[in-house]
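> fold the following for me, if possible:
(chains A and B)
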Amino acid sequence: MEHLELFLKSIFIDNMVFATFLGMCSYLAVSKKVNTAVGLGAAVIFVLAITVPLNWLLDQYLLQPGALAWLGADYADYDLSFLSFIMFIATIATMVQLVEIVVEKFSPSLYNSLGIFLPLIAVNCAILGGSLFMQSREIPTLGLATVYGVGSGIGWFLAILAIAAIREKIRYSNVPPALRGLGITFIITGLMAIGFMSFGGMLTGGDEPEVAKGTVVQEGDKEISQLDKKSEDTKMMVGNNNQNITNLNKSK
Amino acid sequence: MALLSKKDSKLITDPLADNNPITIQVLGICSALAITAQLKASIVMAVSVMAVLAIGNVVISLLRNIIPSKIRIIVQLVVVAALVIIVDQVLKAYSYELSKTLSVFVGLIITNCIIMGRFEAFALANGPWRSFLDGIGNAAGYGLILIIVGFFRELLGSGTLLGFKVLGDPIEKTGLYAIGYENNGFMLLSPMALIVVGIIIWVQRSRNKALIED
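The predicted structure follows:
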């Protein structure tokens, strides 16, 4: 359950592109065609799924304050966390290189479809951002870190796929000349981000009434009606959000 | 100017407008959007990027004849990462609160495309002094957009600038709030950063028709 929750959260609520603006450079540069967008998106999922757990291990056993305790009591005081940027980026750069070599050797067809995007990925903020957010949110286990990596990758994939599809369609629309290309892409991304904000209630919406019921039983009848009303309100809010999303989809 | 020849001063002025890294070259968007809800954070970010880019450009330009071209990306990443660690430690030491607000975005200066982009496009082919000027110019162009976005988002979103209540007090209803003005809390949310940058691009390109795409 914990894993599923983090998975959904990293795809929709903390979406890399719409909530934290990571990987915007390649998101804007490579989203002119759906095919190339799919290639880059797949490569991002792939690399995130490998580097986030790897950096989690590094962080846990090398970088955190006291992480070197497994070497013996003498090393327990060391705090190497200031090195995390350089360690993370080194892991990412080597992993990208390694993945490229392995894929080229064992699956030339996959290499041909991902090929040109893999080297680009080493300097994609989404990859380093995934590892840094994993560190700052203190994700507790290796399993969760993997789930977080895959989830954020899928979220990024979803975003670039959506914007590429919209940009393919919008080419035939009558956009004001000064907004063509970059300008309209920014504004559409902003509107999509507003749409994605409505996912914010997705996970809290289900939890609140449950907590409310637990307290209601002890407190007596009078509060039941109030609390039920409250949970109805939250339901209504969630409903409104869903409506907004469908509206947005329609207007697109 | 005696200090800068005409060609050199162009290196600084060009990126401010017609070759702006954010609105024209589309580099370094990631961090530009996420931290601009407050003017102060935008200014600190702009200064940090300027320090990293100017020093990094000089280092890469000094090393440009030694670096084998096959491993240049890794060398560049190491140089940037070392500089960013210094910036991060300085921020943590002198303004801890702000470094909390910027959180992972200081680290993300490493993968800020503007930095790798300038290393690749300029520092690898030019001498240290010109690379230094190019670094300052591009970081200034980047900072300019950051500060414009931060200015509007903080002013319209919370009615303050650098924390000062320039529009009056919303609770005691002084200044503009006395005649019924309300803060637009929406400006503080992340999607508005994208839309503000979109509008800046729109204004810039309608003033200079040569920049229009297609």
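
> so which residues on the stretch 1-150 of chain A come close to chain B?
Within the stretch 1-150 of chain A, the positions adjacent to chain B are A:18-25, A:28-29, A:82-86, A:89-90, A:93, A:119, A:122-125, A:127-129, A:132-133, A:135-136 by CB under 8 Å from any CB of the partner chain. No exception for glycine: its C-beta is placed from N, CA and C like everyone else's.

> which of these are buried?
A:18-25, A:28, A:84-86, A:89-90, A:93, A:122-125, A:127-129, A:132-133, A:135 (16 or more other CB atoms under 10 Å in any protein chain shown).

> how many neighbours does B:Arg207 have?
Close neighbours of B:Arg207, defined as other CB atoms under 10 Å in any protein chain shown, add up to 10.

> repeat for A:Glu138
If we define neighbours as other CB under 10 Å, then A:Glu138 has 8 of them.

> and it, helix, strand or coil?
Look at A:Glu138: counting by DSSP: H, G, I helix; E, B strand; the rest coil, its state is coil.

> test my guess that B:Val197 contacts B:Ile148.
No: the criterion here is CB atoms under 8 Å, and B:Val197 misses it with B:Ile148 at 9.1 Å.

> out of these two, which sits in the busier spot?
Per other CB under 10 Å, whichever of B:Val197 and B:Ile148 has more neighbours is B:Val197, with 26 against 16.

> tell me how far that one lies from A:Leu28.
11 Å (CB to CB, to the nearest Å).

> go through the lengthiest helix in chain B and flag the buried ones.
The single longest helix within chain B, with elements called by DSSP state H, is helix B:128-158. Residues of helix B:128-158 classed as buried: B:130-158 (neighbour count, 16+ other CB under 10 Å).

> moving C-terminal of it, what's the next helix or strand?
helix B:190-207 (DSSP states H and E).

> packing partners for that following helix?
Other elements packing on helix B:190-207 under the criterion 3 or more CB pairs under 8 Å, 6 or more residues apart in numbering or on different chains; DSSP states H and E are helix A:16-20, helix A:182-197, helix B:29-34, helix B:128-158.

> repeat the analysis, applying 6 Å as the threshold.
helix A:182-197 (3 or more CB pairs under 6 Å, 6 or more residues apart in numbering or on different chains; DSSP states H and E).

> which helices and strands sit right next to the helix it packs on?
helix B:190-207.

> repeat the analysis, applying 8 Å as the threshold.
Using 3+ CB pairs under 8 Å, 6+ apart, helix A:182-197 sits against helix A:16-20, helix A:24-29, helix A:142-170, helix A:221-251, helix B:190-207.

> any idea how far it is from the chain center?
17 Å (CA atoms, centre = their mean, to the nearest Å).

> so which bits of it are buried?
Buried, per 16+ other CB under 10 Å, within helix A:182-197: A:182-197.

> then stretch B:107-119?
B:107-119.

> narrow these to those in helices?
B:113-118.

> mind putting these in TSV, distance to chain A and pLDDT included?
TSV is the format used below for these (distance: CB to the nearest CB, whole Å; pLDDT from 0 to 100):
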residue	distance to chain A	pLDDT
B:Cys113	4	77
B:Ile114	9	81
B:Ile115	9	83
B:Met116	5	81
B:Gly117	9	80
B:Arg118	13	83
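
> need those in a markdown table with distance to B:Arg72, can you?
Conversion of these to a markdown table gives the following (distance: CB to CB, whole Å):
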| residue | distance to B:Arg72 |
| --- | --- |
| B:Cys113 | 16 |
| B:Ile114 | 17 |
| B:Ile115 | 14 |
| B:Met116 | 10 |
| B:Gly117 | 13 |
| B:Arg118 | 14 |
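
> just flag the most distant two among those.
B:Cys113 and B:Arg118 (9.4 Å; CB to CB).

> let me see the contact set for the closest residue to A:Tyr75 other than its chain neighbours.
Using CB to CB, 6 or more residues apart in numbering or on different chains and skipping residues adjacent in sequence, the residue nearest A:Tyr75 is A:Leu68, 3.9 Å away. By CB atoms under 8 Å, 6 or more residues apart in numbering or on different chains, the contact set of A:Leu68 is A:61-62, A:75-76, A:78, A:80.

> between these, which is nearest A:Glu168?
Taking the contacts of A:Leu68 together and measuring to A:Glu168 by CB to CB, the closest member is A:Leu62, at 44.9 Å.

> what is the neighbour count of the residue lying closest to B:Leu155 once chain neighbours are set aside?
The shortest distance from B:Leu155 to any non-neighbouring residue, by CB to CB, 6+ apart, is to B:Leu161 (6.0 Å). Residue neighbour count, defined by other CB under 10 Å, stands at 16 for B:Leu161.

> partners of B:Leu161 in the sheet?
Under DSSP bridges, the beta-bridge partners of B:Leu161 are B:Phe164.

> verify the stated contact: it with B:Phe152.
No: the criterion here is CB under 8 Å, and B:Leu161 misses it with B:Phe152 at 10.4 Å.

> B:Gln48 and B:Ser95: what is the separation?
Gln isn't right for residue B:48; it's Ser. B:Ser48 is 11 Å from B:Ser95, by CB to CB.

> what about these two, which has more around it?
B:Ser48 (23 against 14).

> check which helices and strands the longest helix of chain B sits against.
helix B:6-13, helix B:29-34, helix B:39-63, helix B:113-118, helix B:190-207.

> distance between the third one and the chain's centre?
It refers to helix B:39-63. 9 Å.

> what's the angle from the helix or strand that that helix is followed by to helix B:39-63?
Following helix B:39-63 in sequence order, the next helix or strand is helix B:72-94 (DSSP H and E). Using axes from the mean of the first three to the mean of the last three CA atoms, to 10 degrees, one finds that helix B:72-94 and helix B:39-63 are set 140 degrees apart in direction.

> counting contacts, what elements does helix B:72-94 pack onto?
By 3+ CB pairs under 8 Å, 6+ apart, helix B:72-94 packs against helix A:84-106, helix B:39-63, helix B:96-102, helix B:113-118.

> tell me how far the first one is from the chain's mean position?
Shown here is helix A:84-106, whose average C-alpha point lies 20 Å from the average C-alpha point of the whole chain (CA atoms, centre = their mean).

> buried residues in it, which are they?
A:84-93, A:95-97, A:99-100, A:103.

> looking at the helices and strands packed on helix B:128-158, which is nearest to A:Ala159?
helix B:190-207 (12.1 Å).

> buried ones in that closest one, by neighbour count?
B:190-202, B:204-205.

> and for stretch A:157-170?
A:157-164, A:166-167, A:170.

> contacts for that stretch, please.
A:11, A:15-18, A:27, A:30-34, A:36-38, A:40-42, A:44-45, A:184-185, A:188-189, A:192, A:252.

> recalculate using a threshold of 7 Å.
Stretch A:157-170 is contacted by residues A:11, A:15, A:17-18, A:27, A:31-34, A:37-38, A:40-42, A:44-45, A:184-185, A:188-189, A:192, A:252 when judged by CB atoms under 7 Å, 6 or more residues apart in numbering or on different chains.

> perfect, I'm done here.
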